[in-house]
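Chemist: Output the structure for:
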Amino acid sequence: MKTGYVVEYIDNQKIICGVVLEIRGNRLIILTEDNREVNHPENRLSHQSEYMLDLSIGKENLVEAIRKIALKRAQIVKQINVKDLWEKYKGKQAWIGIEEIAGLCFPGEKSDNHESAVVRAFFNDRHYFKFKVDRFQPFTMARIERNIEQKKAAKRKRTLIETAICWMQQTIKKQPSEFSEDKLEIINILKSYYLFAKDSPHYQSGKAILNGTGLGADNTDAVFKFLVKLGVWGEHENTLLLSYEIPTVFSDDVIACAEGFDETALLAKDDTRRDLTHLSLITIDGQGTQDFDDAVSLEVFDDHYKVGIHIADVGHFVKKGDAIDRAAMARGSSIYMPDQRIPMIPPVLAENYCSLREGELRPAISIMVHMDKNAEVGDYEIFPSWIMVDNQLTYYAANNMVDTNREIRVLHDIAGKLREKRLSNGAVQINLPEINIWIDENNTPCVNRVNRESPGRMLISEHMIMANWLMAKFLSEKDMPAIFRSQPEPKERLYKKDTGTFYQNLMQRKLLCRFVLGTKAESHSGLGHDAYLTATSPIRKYMDLVTQRQIRAVLGLEEPYTEDEIIRISQALEQPLGKLMRIQTKRNRYWLLSYLEGCIGAKEEAIVLRKQRDYYQVMLTEYMLECKLHVSSGITLKPESILRVTVQHVDARRDLLSVFL
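Modeler: Numbers count the residues shown, from 1 in each chain. The predicted model follows:
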């Protein structure tokens, strides 16, 4: 390579002609036909002439000379028919040199310009030959057809992007009318771009559209607003459900299966179940509960109690591997959000036959526990039963009945003693309020704090913990594999029993170790039990249904899962349950922030959690929401300090909350 040589390179899908001004190692300083000086690697030239220009003639004259050479080469290209050349060489697998092709196209007059024209022609029409700097190889017919289709697709894509840019710019400026079907493809591109970002198959198209409109590729908020303006999405669209591709309805075959039960046959009493319909059973649930999967009963004797915990026998209706079971396993759990409830089992079944509805005969798995007046657990039995609920109470109603209803009072007293025994066994009690969010008829979020230690909630919580513990002992003693839960000791204990302050409870929650799933029973430090699993919510949680089936197997009602099957099911549920947890957490936070959007300027109580490098992490105690607090230099705050902060800015869609002192 020498200075003065005429060279060509490819830039932005175009062949650029230039002259070498300077050589710096393996890089060239090239003056181009566009009157630019570029630094280009020598090994990435598309063509190198032996023709030289005199650099002393000056920059303007050099540029003019280069332009004339480029124009001449472009004119020569018109004489080359790449398809005809392919017809001559098709079937040849070896590489063909540029000299041979130039000689074939221009016999007796081959020059640098002719060789460059060959390169340009093959570059312009890349359907027929694979090419490198100075050699070419014909494609197969199949590859040519694929190349042509790809070119058509690329052209169509460019046209679609241009259409999308124009339509989007016009729509943003005015009130949109109903969009036509030819815009659906554009809408789907934008939806995919917003939901999946770089994982979207339409990422490049979406990016090009946003850049073309002038909004910027990172402005996904504009995409959301655009789709809301079109009516494609609602103002409060749950896009996390869409991005996780969570089904919100059941397929036709699942619905058909759920509606196809023979009530007479399934609810006909038989000797395989013990008749407990003489017992007085109550359910205690939240105000909006629609599926009731647990009930309690109490029998009082002179020197002991017999407490019954009765769990809806969902396995009686949902069989392993049927359409309903497959759908339930794919979901993993019901999802509860302020604005939407997505059941694990079709409501026609979950809220009907599977549900312990007042006054209706239902099959159940009953845990009958004998205990003395100090709530010391003695003998217990687990068996299939027929039951009938007498009274369905809300937590609020149960709270008001503690002092007036003997059954509720005794059950509450038992629950308190059960709690005390667990705490004495090392259970970690976290006493923090729960924030209840619901959406009223005007689509407005409403918020209140729920005392998780109210009499009704504590009563049910402790009896369900006892039932799960006893079912874990039952399966463990029978050497039956199940989805057992264990938990190591916390990283640190900040208080004894339930004596912790609000701040200590917050910090203790962060010091708990994650629970562990296994097929064998191990201790659960957080609950203070030597064995534990969950089987009291089989309508709502697939793991509970799996465990219930293992109990049914011990009772002779069906075949058990093997240990390998239990492991596979646990592993298969990890991903969907992780998604559901994130959806519920983020959706609750979204609606809390949406509520706070109407509270700008409001004073709120906050507790300091910890100091970070340039801010404090605080929690708004009324909403149990964490956020950052930036303070002026010279102000020092201590963890556990109580402050009054002002809500400054909230954007629920962008998950933003800022406050100031």
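
Chemist: Stretch 232-251 - what's its average pLDDT?
Modeler: For stretch 232-251, the mean per-residue pLDDT is 94.

Chemist: Tell me the buried residues in that stretch?
Modeler: For stretch 232-251, the neighbour count (16 or more other Cβ atoms under 10 Å) marks 232-233, 236, 238-244, 246, 250 as buried. Just so you know, the C-beta spots here come from the backbone N, C-alpha and C atoms, and that holds for glycine as well.

Chemist: Any idea how far apart the tips of that stretch sit?
Modeler: Start and end residues of stretch 232-251 are separated by 23 Å (Cα to Cα, to the nearest Å).

Chemist: Check the spacing between the nearest residue to Pro247 once chain neighbours are set aside and Arg540 real quick.
Modeler: Among residues not flanking Pro247 along the chain, Arg331 sits closest, at 7.2 Å (Cβ to Cβ, 6 or more residues apart in numbering). Going from Arg331 to Arg540 by Cβ to Cβ, to the nearest Å gives 10 Å.

Chemist: Find the residues that touch each one of the two.
Modeler: Taking Cβ atoms under 8 Å, 6 or more residues apart in numbering as the criterion, Arg331 and Arg540 both touch Met344.

Chemist: In this structure the residue nearest to Pro247 contacts Lys579, no?
Modeler: No. Counting by Cβ atoms under 8 Å, Arg331 sits too far from Lys579 to count as a contact (10.0 Å).

Chemist: which residues are in contact with both of these two?
Modeler: With Cβ under 8 Å, 6+ apart, Arg331 and Lys579 have common neighbours Ile246.

Chemist: Please say which of these two ends up with more neighbours.
Modeler: The neighbour count for Arg331 versus Lys579, taken as other Cβ atoms under 10 Å, is higher for Arg331 (21 against 18).

Chemist: contacting residues around that one?
Modeler: So Arg331 contacts 246-247, 342, 344, 542, 576, 580 (Cβ under 8 Å, 6+ apart).

Chemist: quick check, nearest of those to Asp54?
Modeler: Ile246 (71.2 Å; Cβ to Cβ).

Chemist: So that closest one is in contact with Ile342, correct?
Modeler: Yes. Using Cβ under 8 Å, Ile246 makes contact with Ile342 at a distance of 7.0 Å.

Chemist: residues shared between the contacts of those two?
Modeler: With Cβ under 8 Å, 6+ apart as the test, Ile246 and Ile342 both reach 331, 335.

Chemist: Quick one: residues in contact with the worst-scoring helix or strand of the chain on mean pLDDT.
Modeler: The helix or strand of the chain with the lowest confidence, counting by mean pLDDT, DSSP states H and E, is helix 263-266 at a mean of 79. Under the contact criterion Cβ under 8 Å, 6+ apart, helix 263-266 has outside partners 316-317, 353, 363.

Chemist: and those, which of them are in helices?
Modeler: Assigned to helices by DSSP state H, none of the contacts of helix 263-266 qualify.

Chemist: who wins for neighbours among these?
Modeler: Pro363 (23 neighbours).

Chemist: partner residues bridging that residue?
Modeler: Trp386 (DSSP bridges).

Chemist: What confidence value was assigned to it?
Modeler: On the pLDDT scale, Pro363 gets 96.

Chemist: measure it to Gln137 for me?
Modeler: For Pro363, the distance to Gln137 (Cβ to Cβ) stands at 73 Å.

Chemist: What are the boundaries of the strands in the stretch 151-300 of the chain?
Modeler: 274-275, 281-285, 294-300 (DSSP state E, counting those that start in this stretch).

Chemist: got the contact list for the first one?
Modeler: If I follow you right, that is strand 274-275. Outside strand 274-275, the residues that touch it by Cβ under 8 Å, 6+ apart are 269, 366, 383-386.

Chemist: For Ala102, see how far away the most far-flung residue of the chain relative to its centre is.
Modeler: Most distant from the centre of the chain: Gly108, at 67.9 Å, with distances by Cα atoms, centre = their mean. Gly108 sits 11 Å away from Ala102, going by Cβ to Cβ.

Chemist: do Lys579 as well
Modeler: The gap separating Lys579 from Ala102 is 61 Å, by Cβ to Cβ.

Chemist: One more: Ala74?
Modeler: Counting by Cβ to Cβ, the gap from Ala74 to Ala102 is 16 Å.

Chemist: again with Lys174
Modeler: Separation of Lys174 from Ala102 (Cβ to Cβ): 57 Å.

Chemist: for Glu574, same thing?
Modeler: For Glu574, the distance to Ala102 - Cβ to Cβ - is 63 Å.

Chemist: ok, now Arg67?
Modeler: From Arg67 to Ala102 the distance is 22 Å (Cβ to Cβ).

Chemist: got the contact list for Leu657?
Modeler: 593, 596, 625, 627, 647, 649-650.

Chemist: try it again with 10 Å
Modeler: Counting by Cβ atoms under 10 Å, 6 or more residues apart in numbering, Leu657 makes contact with 589, 592-593, 596-597, 620, 623, 625-628, 647-651.

Chemist: And Leu104, by the same measure?
Modeler: 80, 85, 88-89, 96, 110, 118 are the contacts of Leu104 under Cβ under 10 Å, 6+ apart.

Chemist: all helices of the stretch 101-250 of the chain, in order?
Modeler: Ranges of helices in the stretch 101-250 of the chain, per DSSP state H, counting those that start in this stretch, are 112-124, 141-173, 184-196, 203-213, 220-230, 239-243.

Chemist: Secondary structure element holding Ser366?
Modeler: strand 361-372 (DSSP states H and E).

Chemist: relative to strand 281-285, how tilted is that strand?
Modeler: 90 degrees (axes from the mean of the first three to the mean of the last three Cα atoms, to 10 degrees).

Chemist: So which bits of strand 361-372 are buried?
Modeler: 362-371.

Chemist: Against Cys446, how distant is the nearest residue to Ala65 once chain neighbours are set aside?
Modeler: Excluding the flanking residues, the one nearest Ala65 by Cβ to Cβ, 6+ apart is Leu53, at 5.6 Å. With the distance defined as Cβ to Cβ, Leu53 ends up 79 Å from Cys446.

Chemist: higher neighbour count, the two?
Modeler: Set side by side, Leu53 and Cys446 show more neighbours around Leu53, with 19 against 13, by other Cβ under 10 Å.
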